[in-house]
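Participant: Sequence first, then the predicted structure:
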Amino acid sequence: MKAPSVSETPSIAPRWLQPLLMLAPGSLWLLLLLIVPTLIIFQLSLVPNIKPGDVVIPSGLDNYWRIFQPETFSIIRRSFLLASGTTLGCLVLGFPVAYWIALSSPKRWRNLLLLGFTLPLWTSSLLRSYAWASILRRTGVLNSILTSIGLPALDLLYQPIAVLIGMIYSLLPYMVLILYASLEKLDRQLLEAAADLGATPFQAFWRVTVPQCLPGIAAGSLLVFITGLGDFVNPELLGGTASRTAARSIYDQFLGATQNWGFGSALSMILILVVSLAIALLIKYGDRNAKSI
């Protein structure tokens with residue numbers, strides 16, 4: 001007697017329910033670890049900060065209104081500027097490196113080169129920040145080299161430039177890996193066709209290579225921007241009070257002396273909305289660019 005095939009085996013669940021059952025584990029995981037915590041944060045953001053002696057309980061929307069006050073708004077603006085500067089720096093430094101590894105380096109060395117760029121990720125971000133602090137401080141390695149060759153010492157530590165250096169160093173491997181994956185799939189026949197048609201190397205790069213890598217550029221920039229926006233260690237250790245960011249403000253509201261969970265949740269919701277909007281734009285326009293190439 002012929003045994004029934006897998007496709008002929010009767011299923012307990014109806015056909016329309018089978019896809020839902022397959023999606024159930026991932027959906028449950030997403031619900032418990034993303035949607036429910038976000039809803040809890042949103043609920044906390046509407047809780048007013050009640051102080052002793054308050055006669056009228058203020059509305060929870062005051063937490064969001066406080067974000068637009070000059071002091072808080074400057075902190076958020078600084079966070080966005082640092083994240084944007086880090087993204088631009090990683091893109092400018094990472095694209096040539098990824099281009100060389102993907103298109104110019106010997107194939108037998110590519111995996112080793114990629115491993116070299118990912119090695120810093122194997123160490124703690126705290127150790128990396130302390131290492132940069134020892135390099136950039138007034139009596140650090142960098143100033144020792146500068147003074148030994150007759151140049152003046154630089155006051156970099158506890159300045160925004162030190163935060164940018166630490167954040168770019170920490171997030172550069174992510175940009176390189178994503179750009180490498182995009183450049184590795186580059187259609188080199190289009191580059192040869194552009195050269196045959198008289199295009200200069202710069203024209204071929206700008207009009208052939210860059211358009212094909214736009215999805216990778218967008219994905220790498222988004223990853224670096226989101227991670228930089230929520231970075232806590234580098235601004236805290238390399239920037240000090242002069243480079244206070246939204247991540248530090250949220251920490252102070254929850255675990256610091258302020259203990260204002262409503263305002264901290266409102267700050268968190270603003271960051272969540274910005275990140276969600278960026279991801280939505282990438283999904284909508286990045287996928288369209290990928291299909292048009």
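Facilitator: Alright, I've got the coordinates.

Participant: Only C-alpha atoms from now on, for both contacts and neighbour counts.
Facilitator: Will do.

Participant: So, low pLDDT: which residues of this protein?
Facilitator: Along the chain, segments meeting pLDDT under 70 span 1-13, 49-60, 285-293.

Participant: Show me which helix runs longest in it.
Facilitator: Counting residues, the longest helix found in the chain (DSSP state H) is helix 70-99.

Participant: Counting by contacts, list what that one packs against.
Facilitator: If you count contacts as 3 or more Cα pairs under 8 Å, 6 or more residues apart in numbering; DSSP states H and E, helix 70-99 packs onto helix 160-183, helix 210-229, helix 246-255.

Participant: could you point out which element follows it?
Facilitator: helix 107-118 (DSSP states H and E).

Participant: Just the buried residues of that following helix, please?
Facilitator: 110, 114, 118 (16 or more other Cα atoms under 10 Å).

Participant: Could I get the contacting residues of the first one?
Facilitator: Read that as residue 110. Counting by Cα atoms under 8 Å, 6 or more residues apart in numbering, residue 110 touches 101-102.

Participant: and the gap between it and residue 185?
Facilitator: With the distance defined as Cα to Cα, to the nearest Å, residue 110 ends up 14 Å from residue 185.

Participant: Not counting its neighbours along the chain, what's nearest residue 259?
Facilitator: residue 253 (4.9 Å; Cα to Cα, 6 or more residues apart in numbering).

Participant: okay, now that neighbour: neighbour count?
Facilitator: 18 (other Cα atoms under 10 Å).

Participant: likewise residue 25?
Facilitator: 11.

Participant: helix/strand/coil for it?
Facilitator: helix (DSSP: H, G, I helix; E, B strand; the rest coil).

Participant: any idea how far residue 185 is from the residue nearest to residue 228 when sequence neighbours are not counted?
Facilitator: Among residues not flanking residue 228 along the chain, residue 83 sits closest, at 4.7 Å (Cα to Cα, 6+ apart). For residue 83, the distance to residue 185 (Cα to Cα) stands at 28 Å.
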